[in-house]
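K.L.:
got a structure for you, letters missing:
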């Protein structure tokens, strides 16, 4: 794998020297950048190609959503392709230097390849600005690209960086802002955060007056034919509210007093955009939208997603325990608190999970979050082939995490819980809210506030890859499904590929 990443980086550099910058714009075509960016259509194709590259099984249609990240978070009790023992050894998922070396290296290389394409796009969007004659195109395209660069670097930081609240000055990752062969130093985590915020703030300024905010566009409506079709369905683009949501995420992660205040402000701006995004408040088996599409602030589309899922351990109809991500019935009942407040929570409905019981009372459970049949039949393609990457409930959780006043925090958390069918009798109260959660059977080292938010992330974002980031941010020593006796910094910080120290994207 060392040599594979080296070849990728070398090819990119050689492209700069001998081919006048090459940019992959789709899985089928590669053309010289000076030709690619000589027209509006070329810019449109290039930006669309960047979004398409996010939707692979190695990235956001697999490992960075329902796959590897959720294995790290303990949500499964097996791993297709790795469950060689009768009882799966969950601890192996932290073996970053052996069993999961190629997976780690692949994620890293693919992310930085996309970032390289973004940087090339950003260079030309300014260099050839004059060809973007359609109103809003320049500002919107540049804003999206900056937002995407920040988005990708932030996930790289959360995965390969240190536990931030303990070691913000520790080395993390490079922040690539140019498409060239020059070495880029590995920055400290706090330097990466500042670079991310710089990109997001510039993106927000560009999009604020130019993003049409045309979400969930009705293509059957008579007005659709008169719209610029490149600027519709903004829920699949790095739009203004996605940038605001990212600012909320990053400020929450940064965690100082001023940042927490800003996180709440940005999260509330997104929550306040209720004409675009609203919480689902009633779901039954007959009308269940498993990805809760109308809450999507930003996501991607994946062509023939069902086929990809079937080939990647997530067949939406299979109950094959050897070739499918699954969890134990015991863990499922713990995750969703089925014996308590979760007994009325519609997030655990049969349309969301298939439970296969055993004669001894145990069993296994399969997630059906990405089942395409209900989305294409009951919902007339509403959310079909979509992978949500930022959804509305997270904004409430950020308010809950960062609000200074406990009652404000609990209100945000309860808003989502009540919308999900949890009884008002099971309201989260603020007694002992910011004290150590001595009553917890899972982790007594965290506060009640943090534990309640964590449980919500687990229920809400099952198979979406968000839980591990929360566990790491709060340095959980253990959690349900954890494969080791006690989590350490070494478990939480995925190691950088050796290539990062050998082949020149650094100054180590």
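P.N.:
Noted; the coordinates are in hand. Nothing here was measured: the structure is a model prediction, and the numbers come from that model. Numbers count the residues shown, from 1 in each chain.
K.L.:
tell me how far residue 262 lies from residue 400.
P.N.:
Relative to residue 400, residue 262 is positioned 16 Å away (Cβ to Cβ, to the nearest Å). In short, each C-beta sits where N, CA and C put it, glycine included.
K.L.:
of the two, give the one with the bigger neighbour count.
P.N.:
In this comparison of residue 262 against residue 400, neighbours counted by other Cβ atoms under 10 Å, the higher total goes to residue 400 at 26 against 19.
K.L.:
now tell me what touches whichever strand or helix holds the more buried one from outside.
P.N.:
Remark: residue 400 resides in helix 393-402, with elements defined by DSSP states H and E. Counting by Cβ atoms under 8 Å, 6 or more residues apart in numbering, helix 393-402 makes contact with 245, 248-249, 251-252, 260-261, 263-264, 267-268, 270-271, 279, 295, 408-410, 412-413, 415-416, 449-450, 452-453, 456-457, 460-461, 466, all of which sit outside it.
K.L.:
same deal with stretch 414-434?
P.N.:
Outside of stretch 414-434, the residues within contact range by Cβ under 8 Å, 6+ apart are 279-283, 340-342, 344-347, 393, 396-397, 406-407, 409-410, 413, 447-449, 452, 456, 459-460.
K.L.:
ok, of the residues you listed, which come out buried?
P.N.:
Neighbour counting by 16 or more other Cβ atoms under 10 Å classes 279-280, 283, 341-342, 345-347, 393, 396-397, 406, 409-410, 413, 447-449, 452, 456, 459-460 among these as buried.
K.L.:
number of nearby residues for the nearest residue in space to residue 301 that is not next to it in sequence?
P.N.:
With sequence-adjacent residues excluded and distances taken as Cβ to Cβ, 6 or more residues apart in numbering, residue 301 is closest to residue 385, at 5.0 Å. Applying the criterion other Cβ under 10 Å, we find 19 residues in the vicinity of residue 385.
K.L.:
same check, this time on residue 223
P.N.:
By the other Cβ under 10 Å criterion, the neighbourhood of residue 223 contains 8 residues.
K.L.:
please renumber the chain so that the first residue is 11 from this point on.
P.N.:
Got it, the first residue is 11 from now on, which makes the last one we talked about residue 233.
K.L.:
could you measure from it over to residue 224?
P.N.:
Computed with Cβ to Cβ, the distance linking residue 233 and residue 224 is 10 Å.
K.L.:
ditto for residue 447
P.N.:
44 Å.
K.L.:
likewise residue 59?
P.N.:
For residue 59, the distance to residue 224 (Cβ to Cβ) stands at 22 Å.
K.L.:
re the thing from before, and the residue nearest to residue 311, what does it touch?
P.N.:
Residue 395 makes contact with 311-315, 382, according to Cβ under 8 Å, 6+ apart.
K.L.:
what of residue 401?
P.N.:
Residue 401 makes contacts with 302, 305-307, 470-471, 474, as judged by Cβ under 8 Å, 6+ apart.
K.L.:
who does it bridge with?
P.N.:
Beta-bridge pairing for residue 401 (DSSP bridges): residue 306.
K.L.:
sorry, back to before: just after the helix holding residue 410, pick out the following helix or strand.
P.N.:
Toward the C-terminus, helix 403-412 is succeeded by helix 416-429 as the next helix or strand (DSSP H and E).
K.L.:
helix or strand next in line after that following helix, which one?
P.N.:
Remark: after helix 416-429, the chain's next helix or strand is helix 458-470, criterion DSSP H and E.
K.L.:
pLDDT (mean, whole number) over that next one?
P.N.:
Predicted confidence along helix 458-470 averages 98 (mean pLDDT).
K.L.:
same question, stretch 223-235
P.N.:
Here stretch 223-235 scores 94 as its mean pLDDT.
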